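>>> A predicted structure for the sequence below; I have some questions about it.
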Amino acid sequence: MAIRKIGEVRHRALPKQLQFLKAEEREVLYSGAFAAGKSRAVCLRLVLRASVPGAREGLCRKHLVTLKATTLKTLLEPDGDLPPVLPPGHYTHNKSDKVIRLRKGGEIQYFGLDDAAKIGSYNLSGCAVDEAVELLEEDWTQLRGRCRVRVKGLKNQLYGACNPGPPSHWLGVRFGLVPDSVCAPNCRAIQTKSVDNIFLRPSYLADLATFTGVAKLRYVDGLWVGSDQLVYPDWLRSVHFKERKAQWVRVVIGCDVGYNHPTAMEVVGLDGEDRAHVIEEWVERRKVEAEIIEAASQLVYRYHDSGVTIYIDPSAAMLRASMQEAGLPVEPADNDVKGGIQAVRDRLAMNAAGIPRLTVSPTCEKLALGMESYEHRRDRATGAMMDEVVKANDDECLAAGTLITTSRGEVSIESVAVGDMAWTRGGWRAVEGGRLTKRQAVTLVVTLSDGRKLQGTPTHKVWVDSFGWKPLKDLTPCDMLCVWPET
């Protein structure tokens, strides 16, 4: 254990944290299990660098709202017995500009990557990224390009922390954390386990000791491993995620319609050897019918020489009719999920020449992340895998009857209307939309220590103290759920 002094506060750094603080490579990643001190390590490094006069350090996470509720609190507020990383009285905080200025030092600009295009407005001496596994590779690349402000005595560095992801994740590959990968030049990863944190209570470690399978390997041992429930276990970025040019004899556009959940259109080209290639994707949230039709029209025009057909979710009958009226070649899709999964699996396999029958353009990052995260649901009683597929962050919902605090009182979730003011972590917010995700769905009932119960789908996330967002299915008896009193 080492002591690092910031202002008048002495911070105790774990051995692996100290390695992270001293690393001199241009890109540094602190990859660790639960309670390995990842966010604190990022904040310590951030403040040490921002203490240099003239420094302009960035601090970010994929979403600004999550950054404010997690990393920023670690930076500026006490965490249990631990003091804030940045001591009060040693900085000024302009919340409207999202800038923290250190006395006798430089400044910290914090932001979310909700809109990657805005990254181009930042010029930084370095940048800290918390939960870097949430980022697209494009996000990371953009940040690499922004770390260029020259400050005497300070190297330009991009440094981050994260929980382990699947072995096909681009971050694990870049930092050599997965089998058959080599760390990229001038990059370094520091891996840590839960037991490396000597300050953890025995009761917490005892609970972690009950973890098994992939959960233990990832969240206790800190390893980048895949799940045995993966729908597409044969998917490999090194094999399937590459550009390919061909003369397409036919082009198919698959369209899945959403609003709060994004509308996705995947453009697939088929060549004369019956090999398929996903050429490009259009994935956007909160797009109305006219905008979807305009995007579809542009895709059809782009590939009209190859004979295009759009296959759309059969439940989107009104949109399909509107597309037909607009002159688009659209047909209802076959919603045989099990058959579709098998067809994709067959194409991921190699043909007689050792070439995959399905490849995906590197521009289709969202599809690639889906291939890496779709899992079979496991029967909680028997442990057997089911045909039903769970998509990461998909169809997260609460059961009918769940009470929501609104400006007109406690209202059951199915009665909340667009325009209602609902109480959130950020205060009162207007409801912009809502939908029934499923009439029948597998749900979990979580019983809280005060006797209250919360029922929702396994992937529905709740805010856990000292952790952040966590799916209902991953809650443990030690977790403390946070509530926001109306003040």
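That came through, no problem.
>>> what about the stretch 351-487 of the chain, any weak spots by pLDDT?
For the stretch 351-487 of the chain, the stretches with pLDDT under 70 are 377-396, 425-426, 432-442, 466-468, 484-487.
>>> how many other residues sit next to the nearest residue to residue 119 once chain neighbours are set aside?
Nearest non-adjacent residue to residue 119, counting by Cβ to Cβ, 6 or more residues apart in numbering: residue 142, 4.2 Å away. Glycine gets a C-beta too; all of them are placed from N, C-alpha and C. Per other Cβ atoms under 10 Å, the neighbour tally for residue 142 reads 18.
>>> next, name the residue at the spatial heart of this protein.
Centroid check for the chain by Cα atoms, centre = their mean gives residue 134 as the closest residue, at 3.2 Å.
>>> if we can go back for a sec, surely the residue nearest to residue 119 and residue 122 touch.
No - using Cβ atoms under 8 Å, residue 142 is not in contact with residue 122, being 9.2 Å away.
>>> what about the strands in the stretch 101-250 of the chain?
107-112, 126-129, 157-162, 187-192, 250-256 (DSSP state E, counting those that start in this stretch).
>>> contact partners for the residue nearest to the centre of the chain?
With contact set as Cβ atoms under 8 Å, 6 or more residues apart in numbering, residue 134 has these partners: 61, 62, 63, 162.
>>> just the helices from the stretch 251-400 of the chain, written as ranges.
Per DSSP state H, counting those that start in this stretch, the stretch 251-400 of the chain carries helices over the ranges 289-302, 317-325, 337-348, 365-373.
>>> show me the strands in the stretch 301-450 of the chain, by range?
For the stretch 301-450 of the chain, applying DSSP E, counting those that start in this stretch gives strands covering 308-312, 330-332, 358-360, 375-378, 385-390, 403-406, 409-412, 421-424, 427-430, 444-447.
>>> so which of those is the most surrounded?
Of all these, strand 358-360 has the most neighbours on average by mean count of other Cβ atoms under 10 Å, namely a mean of 22.
>>> pretty sure residue 257 is touching residue 319, no?
Yes - using Cβ under 8 Å, residue 257 is in contact with residue 319, at 6.0 Å.
>>> what's the overlap in contacts for those two?
By Cβ under 8 Å, 6+ apart, residue 257 and residue 319 have these common neighbours: 292, 312.
>>> hang on, the earlier thing: which pair in the contacts of residue 134 spans the largest distance?
63 and 162 (14.5 Å; Cβ to Cβ).
>>> neighbour count for the two, which is higher?
Legend: neighbour count by other Cβ under 10 Å for residue 63 and residue 162, higher for residue 162 (24 against 15).
>>> now do the more buried one against residue 36, distance only.
Separation of residue 162 from residue 36 (Cβ to Cβ, to the nearest Å): 11 Å.
>>> low-confidence stretches in this structure?
Looking along the chain with the criterion set at pLDDT under 70, you get 1-11, 115-117, 227-228, 260, 377-396, 425-426, 432-442, 466-468, 484-487.
>>> who are the contact partners of the residue nearest to residue 189 when sequence neighbours are not counted?
Distance criterion Cβ to Cβ, 6+ apart; nearest residue to residue 189, sequence neighbours excluded, is residue 175 at 3.9 Å. Counting by Cβ under 8 Å, 6+ apart, residue 175 touches 27, 29, 31, 183, 184, 187, 188, 189.
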